[in-house]
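[1] Fold the following and give me the result.
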Amino acid sequence: MNDREIKKTTKEIQVILIIASILVVSVGSSLYFFSEKTDLLFSWTINPPLTAAYLGAGYLAAFVLEYLASREKSWANARIAVPGMWSFTFVTLIVTLYHLDRFHFDSPNLITVAGTWVWLLVYILVPVVLGIFWIRQIRQAGMEPARVNKLPGWLRYSALIQGIVLVMSGTVMVLLPDKAIPYWPWTLSALTCRAIGAWGIGNGVFTIQAYIENDWERMRPFMPSWGLYGVLQLVNVLIYHNTLNWGQISAWIYLIFIIWIITIGGYGTLARRSKKL
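    The predicted structure is shown next:
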């Protein structure tokens with residue numbers, strides 16, 4: 001297939017992915033490395049700190065995905081970052097608007113107030129702008145490259161199962177936090193339950209997209225991001241192990257799921273590199 005026939009990633013998609021990568025690494029660094037200072041350094045106060053670190057891990061892993069996707073010239077290779085990113089930002093906007101009274105708009109700290117307004121504006125603009133750019137991207141002329149190096153079946157279906165579990169559990173956490181909170185392995189509020197649920201939906205869409213793409217070359221942005229996400233969440237468990245309720249079976253299920261994520265992301269990263277793609 002001639003390069004000119006392959007559908008290219010539009011400049012506007014590349015730009016918004018770069019901007020998004022800058023935003024998420026900023027938010028992720030604040031949440032992950034200063035998880036006990038969200039009263040000053042974040043848009044709302046998060047307790048316990050493990051929850052802030054959990055959310056921060058999502059943002060830091062998303063930085064890798066979005067930055068690497070922004071460098072892909074072929075839309076087929078960059079696409080894995082877009083549906084999940086749009087899903088996460090849209091759900092987070094709804095969660096933000098529903099819990100607007102919890103946000104630091106009246107903080108005496110000017111930096112905190114400014115950061116809170118930036119959060120709101122970003123989550124209003126990104127779903128709209130990205131949605132428009134996504135539609136324009138889909139309408140671009142060009143064909144997709146053939147799937148030459150397909151994923152092994154066990155890896156592909158593992159991604160699908162992870163995605164289904166994440167989307168379903170995330171949806172319950174967003175819509176029915178009172179039902180979900182008793183089963184979570186540490187204490188959550190309705191807001192933090194919904195915020196974690198938004199990440200569940202976004203990450204679930206990412207992994208389902210990996211199942212759909214089914215090609216090693218198209219996994220370039222995703223696998224390192226997914227492996228990093230698992231590692232960061234495992235570090236959270238080790239640091240905040242006293243926060244988890246280990247007498248509850250959900251804590252052990254959560255730990256197993258993290259190890260499963262690391263296995264998929266780690267194997268995928270190493271295997272793809274061995275194929276020199």
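[2] what ranges do the helices span in the stretch 1-150 of the chain?
    Counting by DSSP state H, counting those that start in this stretch, one finds helices in the stretch 1-150 of the chain at the ranges 11-33, 38-41, 49-70, 75-78, 82-98, 110-138.
[3] how about the fourth one as CSV, C-alpha atoms only?
    When you say that, I think you mean helix 75-78. Only the C-alpha atoms of helix 75-78 are listed here, as CSV (Å, rounded to 0.1, in the frame of the first residue of the first chain):
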residue,chain,number,x,y,z
TRP,A,75,-4.4,7.3,12.2
ALA,A,76,-4.6,3.6,12.7
ASN,A,77,-1.7,3.8,15.1
ALA,A,78,-2.8,6.9,16.9
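[4] could you give me the average pLDDT of that helix?
    On average, the pLDDT along helix 75-78 is 96.
[5] so what's L151 up against?
    159, 210, 214-216, 219 (CB atoms under 8 Å, 6 or more residues apart in numbering). The C-beta positions use only the backbone N, C-alpha and C, and glycine is treated the same way.
[6] From those, pick the one nearest N245.
    Of all the contacts of L151, N245 sits closest to A159, with 28.8 Å by CB to CB.
[7] how about the helices of the stretch 1-150 of the chain in CSV, adding mean neighbour count and distance to M173?
    Converted to CSV, the helices of the stretch 1-150 of the chain look like this (neighbours: other CB atoms under 10 Å; distance: least, CB to CB, whole Å):
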stretch, mean neighbour count, distance to M173
helix 11-33, 18, 18
helix 38-41, 17, 19
helix 49-70, 24, 12
helix 75-78, 23, 29
helix 82-98, 20, 10
helix 110-138, 16, 18
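[8] count of residues packed around the spatially closest residue to A61 that is not a sequence neighbour?
    Of all residues not flanking A61 in the chain, Y229 sits nearest, at 3.6 Å (CB to CB, 6 or more residues apart in numbering). Look at Y229: counted by other CB atoms under 10 Å, it has 25 neighbours.
[9] Now the closest residue in space to W226 that isn't next to it in sequence: which helix or strand?
    Among residues not flanking W226 along the chain, G265 sits closest, at 3.5 Å (CB to CB, 6+ apart). Under the criterion of DSSP states H and E, G265 resides in helix 249-274.
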